[in-house]
Each structure stands twice: as C-alpha cells, then as structure tokens.
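Trainee: Give the three-dimensional model of this entry:
(chains A, B and C)
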Amino acid sequence: MAEQEGINPWGSKSWTYLSSLRQQSPLIQCITNLVSMDLMANTLLAAGASPAMVHSVREIPEFTPHTQAVLINVGTLTPDWLPAMKAAAGVANVYGKPWVLDPAAVGASSFRLNACLELIELQPTVIRGNGSEIISLSTASIGSTKGADSLHESSDAADAAKALAKSSGSIVAVSGSVDMVTDGERVVGACNGVPMMQKITASGCAVTALIAAFVALDPANAFEATAAALSVFGLAGEIGMGMANGPASLRMHLIDSLHGLDEESVVHGVNIPSIS
Amino acid sequence: MAEQEGINPWGSKSWTYLSSLRQQSPLIQCITNLVSMDLMANTLLAAGASPAMVHSVREIPEFTPHTQAVLINVGTLTPDWLPAMKAAAGVANVYGKPWVLDPAAVGASSFRLNACLELIELQPTVIRGNGSEIISLSTASIGSTKGADSLHESSDAADAAKALAKSSGSIVAVSGSVDMVTDGERVVGACNGVPMMQKITASGCAVTALIAAFVALDPANAFEATAAALSVFGLAGEIGMGMANGPASLRMHLIDSLHGLDEESVVHGVNIPSIS
Amino acid sequence: MAEQEGINPWGSKSWTYLSSLRQQSPLIQCITNLVSMDLMANTLLAAGASPAMVHSVREIPEFTPHTQAVLINVGTLTPDWLPAMKAAAGVANVYGKPWVLDPAAVGASSFRLNACLELIELQPTVIRGNGSEIISLSTASIGSTKGADSLHESSDAADAAKALAKSSGSIVAVSGSVDMVTDGERVVGACNGVPMMQKITASGCAVTALIAAFVALDPANAFEATAAALSVFGLAGEIGMGMANGPASLRMHLIDSLHGLDEESVVHGVNIPSIS
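Mentor: Presented below is the predicted three-dimensional model:
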C-alpha cells in the first residue's frame, strides 16, 4: 500500500457525488435485515437520499421500476423474504438500475450461502461485505464467520475479493480497518473510519446502502462511487468520533456529521491512496 | 390562512391533553412498519402513553379490547400483516375504541392502495398522511408518492383532504411545513415543527401514534385531539432543534423535549391559528 | 431487605464477568421482538459480546451450535416465529449451551402464554420478566399485564418468582425498582438502575440479552451471572442518568457508559445486598 501525499482526486470526486446526492435525492429501495432498518434509513436521509423499505414481492413490479437503485441485505434472512429479493434484483436488471448486495453473515448457514450465491447470479453491481463474508462467498463455504462480525481483516480477503469480482463481474468491497474496493483488476483502499464504528450495530449495513445511493448517481463508474461512499461514511465517523464518548454517541454524531459534511471537509478528509 | 394573535385556546387545550396522557397512560396498540417501531414506542413512552407492538392476528381478539386506541401503519406492508390490521380495526370498532390509519407510501403500489382503501372502509377515526399520500387516497390512484417522502406540500392536498374526510367520515390530517387537520368542514393548521424533522425516519409514523394516544383520551373530539398532538410533537421538535447539530441529535432532543414539556412551554408554544 | 455495608463480593464478581465478556466476546443468538433488535444488538456490542439476530428455523441446526448462548424474547410473537424459538432452545440444550427466556407481555393472550409455557418446558437457564409477567407465568393466567409494561412491583412477584423457579428449575429474575433474582431458595436483590430506564423501549429486553451474555461465560453459576448482569446494566443507567436530559439521551449515555465501565466503577458501584 503506497500512501499518496499531495493532490488527491478522490476528495473532489467524493464531494461531487455527495453534493449530487443532496441535489438529486435518488429513491433507494432497501430490502434489508430487521436490525438495520432504522440506522439505514437515517443514514440515507442524512446523506440526502430518499429511502424506501418496501419489501413485499407484491409491490416490486410496480414500485421497483421507479427507484434509482436497490439494496439487498440478507442479515435476518428467512425463506419468505428471498423471492422479493430476487424479484427486486431482476426488475433492477430489466430497467438498467444498479443493485447492491450485502451478504451479511453469509457464513452462518448453507441456506444463507446458497441464497447469496443465487443472488450473485443476478449480477449485483456491487457486493460489500467484511473479510469473513467475502472469503465465504469466494470459496462458497460456510463457517468462516462469527455471526455478523468478521474473523478476518480486509487484507486477508484481498485475493478472495479479486477472485469474486472476476467470477461475478461485480465490484467487490471489503470492509475493515482499511476498506478495499476492487473490480478484479484495479484495487483501491479507503482508509477513513474509526475502529469504534464496529461497535455500532448495522453500521456495515448502512454503508452498503450509502454505496447504493452513490452508485445510483453514476452506475457506469460503480468502482469510483463505491470507494467514495465508503470514505465519506468513514469520514463522517472520524468527525463524529471527535465528539463521541462511546458507540451510542458516535452513532449520533456520525449521522449528524454525514448530514453536515461540507466541501472542505470532504475534499481534504477523504483518504483513498491507491493500493495494488 | 389568518394568523390569530393574542389568546390561543389551543395552548391550554393541548396542555390538558398532554397532562391527561401522563396521568392516564393509555395502552396504544401499534401495528406498524418495521422501520418505525423503535421511534414510535419511544415517542409514546416519552409522552406518557404505554405502547404495545402486538401484531399477531392470533392475539387480537383477546388483547385489543384492553387497549385504549389502535394505530395501523402500512409502511412495510406484506399480505400476511393485512388480516391482523383489519381484525384490530374491527375489534376497535366493536368496542368503541378509536383507531388511526397511517397510509405510509400508499402510492407505492396498487396492492398498498387497495389495502388502505379496504382499511378506510373500516372507518378510521383519523387518517394522517403527507400531501402525496392524502392525494393518492382521495383520488384512489398510485404513483404520486416517492417512497415514504412527499412530492406535495400539505397545502396542495387541502382539497383532497376535505374530500377524503367527507367521503370517509374520518378526521384527515396532512403533514407538511404546516400540518393541516380537517373534518371535511372545519380546517385548522398546526404550525409547529422544523424542516429537519423530515430527515428523521419514521417521524411521521411517530406523530401518528401520538395522535392515537391523544384521541384515546377524547374520542368524541378527535379533531381537536389530532391538532393538539401534531402541535405538541412539532413543539418538541422546535425545542429539540435548539440543541441539535443534525438529524440524529434532533431525534434525541425531540424525544427528551417531549418528555420534559411543561405547562408554560405548551400553553405559549403551541401554534394553531385557524385556516379556512 | 437488609442493606449490607462494607465489603461487597458482588462488585468484584461483576467486574470479573464484564472483563471476561470483553475478552471472550461470546456469540449470542437473539431471537427477539422487532422493537428491541437495535437496542439489544447495541447493548451486547457495547458490553463486549457479539450479537447475531439469526432467526430462521432453516439456519438453527447449523448456526446455533456455534453460539455461546441463546436469547428468546416473545415480544412480537407470531405463530411462524415459534418453531424457530423452540428449535433454538432445543439445539442449545443438546449442545449444553445456556438459553434465556424473556416472556415479554406474556399476559397479553392465551396464545402467548401457551407459547411461553411450552418454551419453559424446554428448560431455560434463566427467565427474566417484570412483576406482571412473572405472576402470569407462575399462575398460568393472562390479563395481569398492560402490554409490555408492568402493573406490579417486583416485590409483589417474589412468591411467584420462587414458585416459578422451583417448578421450572430455571433461575428467575424479576425487574422492578429493585431487581430480584432467585433459584427458588436463594434470593438476591440487584438495586442498581434509575426509574427513567422504564421510559426506554426494550431496555428490559436488552438487559435479558446481557444476562444471556453473562451466563454464557459461566453457565454453572447462572444465579450469580444473572444478578451481576442486572446490576451492571443498572449501573450503566445510573452513570448515564448523570448526563441525561430525558429518556432518549439516557439511552445513549447508558450504552456509552456500559462500553466505558471500568473496574473501580463496577467494584464500588454494583449494589447487590442480600434479601430473603
């Protein structure tokens, strides 16, 4: 990993995404786990997007075409939710809308692993997981996860992420102390964020939704949009950490900071050196 | 809209409701969307009510008769939840308890629209939505909504609200920069609140639950109770805004302020001029 | 109740549990109500445990054996969730893992009561409820509850708790202004906590999950682990109350304080005199 000092094109790129998000307020459909809904919706609202947790298979044919992106997260998956996830991904594909997969705790069971593998066949634009989740997906094996928490650093998952990106055609993002984004060839690291964010439940789910919102603005450059979203969220965490006394106040200050981010903070604060 | 200066009967009326709520602590059954449960329950607790998110159709015949009001919100509707909603509304009617409908994102699909129209046939005491939702209901058409967010100001929906109130027999409340309440003839505007409340997910859902709690105290005057609930919630938002740095801290300070509201703040702070 | 001044073995015992929790970070599976998931997961994370809200019956045979304890809470029970609860309790028993039952609002209906009685036949290690819930369970009767809120003080439920502990073989904890723990013979009171914690939705659910985490560390001494968990949570509430302006800021400061608790605060702050 080579640190780049001096001019950083990622800062201004990230600001362009964030300011566009606030202007365009894209509608993001989230079919997500029951734990994450509150934080995810508030994250999207604070960033400028318009969230909708519509998840009934009955509504997808009419509703999903009007969205700008779809987020699917399997964190509390049950068999009755899977058809809606597949239907929404399918509609997104038909209408040329990006969709993003969060394979939360994919290593928990073969049911969950198979569900994620089936969803990956529907060609997500982006897959975002922690190290353990990306390794599980890449090797199609369970047990390398500890619930929703990772047993692996993102760097351990670098090869798995590249392999998964190549086999799936998706952009793959791995969260960790350094977030990593790859399209199978290119790799960047997004170095913003603070360790205490891992003590906020669903913070990973929330950033995947933010990725969906950024990618909605620029589907043709999902690699860039994904890295920018990860850094902007991490930067909000860094600023929030300056006011926090623990994980619950960090959660509050992170959302407030995401809402209040200005051009100077983003341009100078985003930390995306290239890694290869 | 004619501003009324001087003595305002709504201030003392609102305080009477709030202090009664704290004394009587009515049991409010909430069959609501998955995003809103945490904020809704905390709003009701902070205001003095006792929330219960009991939603199984198996429990309604025994449980609902013991509640003082029922709140139904279709925000994350699926077909398996609808029978419980209808059953609870039916039991409320049999036992003479008020019930309140929040047609969240009703324009998202014909499934959701039809569900709301069927629920309206069960004669809700109050219907509370944003401008787009009330227009969708009044015209029985979909597509005028952007997920849970409104594309219309409350004033755009004034005629739709009156028409819906007349056709349904319900009190209709429209949220917006000015909240509007009508029984089809009378109209009042509740002018409290701050724009940033729209950046808190489920804040609209939460105020509908507060309406249910106020109406539980005085079902015969649901028009007054509805306007008072909207203003008290908005006033808590105004006070909270004085301490907030963004939407997440506003959420916290709003709930704290709702819990701490005293007579002087309510009597002088409630802002309900008549509009016609 | 005899206050004990001087040396208190519970303080150092509680600190041992909390520091072990932070070191071992046991995986706690929570099959819980929809209102509580966010606060419960954040409570477990702040205390040092690793929560997983996996609740599909399809995943339990593979996933539950890898957990260190299971938490089951019936707060928003529907018939489709009950098989997963029973399956998880059964797997926990087969693998010798402790499991903890929270009979939230058990008096709401005969469906819920029967579900809890069936779960108790699967021998929970600990049952934690409020006074009304424990009386409902002990007498197998409904109606003594007001939704999720208690109509009884914990002291009213002392005999019911002892009887339930004897008949079930479970440790029984009753929350109230003084929390009470009994194995049917021994009784201790955990006196930490502040009244405003009852204005935070799911705070009772959250402490039951913390009990599961403490018991995971020391299943053979579930009586001691339960009392320690109740006191540590209450102590975090006391410290949080010093910074709070209402229930929403108390919730935040409670979680922050739980995360930040140090040895001195716990050793001197835990207040568990013996009662008999």
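Trainee: drop to CA atoms for contacts and neighbour counts, all remaining ones
Mentor: OK.
Trainee: excluding its backbone neighbours, what's nearest the residue of the stretch 151-276 of chain A found nearest chain B?
Mentor: Closest residue of the stretch 151-276 of chain A to chain B, Cα to the nearest Cα: A:Asp256 (4.3 Å). The shortest distance from A:Asp256 to any non-neighbouring residue, by Cα to Cα, 6 or more residues apart in numbering or on different chains, is to B:Gly246 (4.3 Å).
Trainee: and the one you found, what does it touch?
Mentor: A:255-257, A:259-260, B:196 (Cα atoms under 8 Å, 6 or more residues apart in numbering or on different chains).
Trainee: for those residues, which one is nearest C:Ala69?
Mentor: Nearest to C:Ala69 out of the contacts of B:Gly246 is A:Ile255 (Cα to Cα; 32.2 Å).
Trainee: in what helix or strand does the closest one lie?
Mentor: A:Ile255 is part of helix A:247-260 when elements are defined by DSSP states H and E.
Trainee: contacts for that helix?
Mentor: Taking Cα under 8 Å, 6+ apart as the rule, helix A:247-260 contacts A:42-43, A:46-48, A:196-197, A:199-200, A:232-233, A:236-241, A:243-244, B:245-249, C:42, C:46, C:252-253, C:255-256, C:259.
Trainee: of the residues you listed, buried ones?
Mentor: A:42-43, A:46-48, A:196-197, A:199-200, A:232-233, A:236-241, A:244, B:245-249, C:42, C:46, C:252-253, C:255-256, C:259 (16 or more other Cα atoms under 10 Å in any protein chain shown).
Trainee: chain center to the helix or strand just after the helix holding A:Ile255: distance?
Mentor: Using DSSP H and E, the helix or strand that directly follows helix A:247-260 along the chain is helix A:263-269. Chain-centre distance of helix A:263-269: 21 Å, with Cα atoms, centre = their mean, to the nearest Å.
Trainee: what residues are up against A:Val267?
Mentor: The contact partners of A:Val267, taken as Cα under 8 Å, 6+ apart, are A:10-12, A:14-15.
Trainee: In this structure A:Asp149 contacts C:Leu45, no?
Mentor: No: counting by Cα atoms under 8 Å, C:Leu45 is not a contact partner of A:Asp149; they are 10.3 Å apart.
Trainee: Which pLDDT does the model give the most centrally placed residue in chain A?
Mentor: What sits nearest the mean C-alpha location of chain A, by Cα atoms, centre = their mean, is A:Thr208, with 1.9 Å. According to the prediction, A:Thr208 has pLDDT 98.
Trainee: Next one: the residue of the stretch 151-276 of chain A found nearest chain C from C:Ile135, what distance?
Mentor: Using Cα to the nearest Cα, A:Gly246 is the residue of the stretch 151-276 of chain A that sits closest to chain C, at 4.3 Å. A:Gly246 sits 37 Å away from C:Ile135, going by Cα to Cα, to the nearest Å.
Trainee: same check, this time on A:Thr139
Mentor: As judged by Cα to Cα, A:Thr139 and C:Ile135 stand 51 Å apart.
Trainee: neighbour count winner among the two?
Mentor: C:Ile135 (28 against 12; other Cα atoms under 10 Å in any protein chain shown).
Trainee: on that earlier part again, what's the residue of the stretch 151-276 of chain A closest to chain C sitting at in phi/psi?
Mentor: Dihedral angles of A:Gly246 (phi, psi; degrees, to the nearest 10) stand at phi 170, psi -180.
Trainee: Give me the pLDDT for it.
Mentor: 98.
Trainee: that older thread, which pair of the contacts of B:Gly246 spans the longest distance?
Mentor: Farthest pair in the contacts of B:Gly246, by Cα to Cα: A:Ser257 and B:Met196, 14.2 Å.
Trainee: how about the strands of the stretch 101-250 of chain A, start to end?
Mentor: Per DSSP state E, counting those that start in this stretch, the stretch 101-250 of chain A carries strands over the ranges A:126-130, A:171-175, A:179-182, A:187-190.
Trainee: okay if I get these as JSON lines plus mean neighbour count?
Mentor: As requested, these are exported to JSON lines (neighbours: other Cα atoms under 10 Å in any protein chain shown):
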{"stretch": "strand A:126-130", "mean neighbour count": "28"}
{"stretch": "strand A:171-175", "mean neighbour count": "29"}
{"stretch": "strand A:179-182", "mean neighbour count": "28"}
{"stretch": "strand A:187-190", "mean neighbour count": "24"}
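Trainee: mind putting these in a markdown table, distance to chain B and mean pLDDT included?
Mentor: Formatted as a markdown table, the strands of the stretch 101-250 of chain A follow (distance: least, Cα to the nearest Cα, whole Å; pLDDT from 0 to 100):
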| stretch | distance to chain B | mean pLDDT |
| --- | --- | --- |
| strand A:126-130 | 22 | 97 |
| strand A:171-175 | 24 | 97 |
| strand A:179-182 | 25 | 96 |
| strand A:187-190 | 25 | 95 |
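Trainee: can the contacts of B:Gly246 go into a markdown table with extra columns for distance to B:Glu62 and pLDDT?
Mentor: Putting the contacts of B:Gly246 into a markdown table (distance: Cα to Cα, whole Å; pLDDT from 0 to 100) gives the following:
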| residue | distance to B:Glu62 | pLDDT |
| --- | --- | --- |
| A:Ile255 | 41 | 98 |
| A:Asp256 | 43 | 98 |
| A:Ser257 | 46 | 98 |
| A:His259 | 45 | 98 |
| A:Gly260 | 48 | 98 |
| B:Met196 | 40 | 98 |
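Trainee: pLDDT weak spots in the stretch 151-276 of chain A?
Mentor: Across the stretch 151-276 of chain A, residues meeting the criterion (pLDDT under 70) sit at A:274-276.
Trainee: burial count for the closest residue to A:Leu82 other than its chain neighbours?
Mentor: Using Cα to Cα, 6+ apart and skipping the chain neighbours, the partner closest in space to A:Leu82 is A:Ala115 (7.4 Å). For A:Ala115, the number of neighbouring residues by other Cα under 10 Å comes to 20.
Trainee: Give me the pLDDT for A:Ala115.
Mentor: 98.
Trainee: now do A:Glu59
Mentor: Looking at A:Glu59, the pLDDT reads 97.
Trainee: Repeat that for A:Glu3.
Mentor: Note on A:Glu3: pLDDT of 43.
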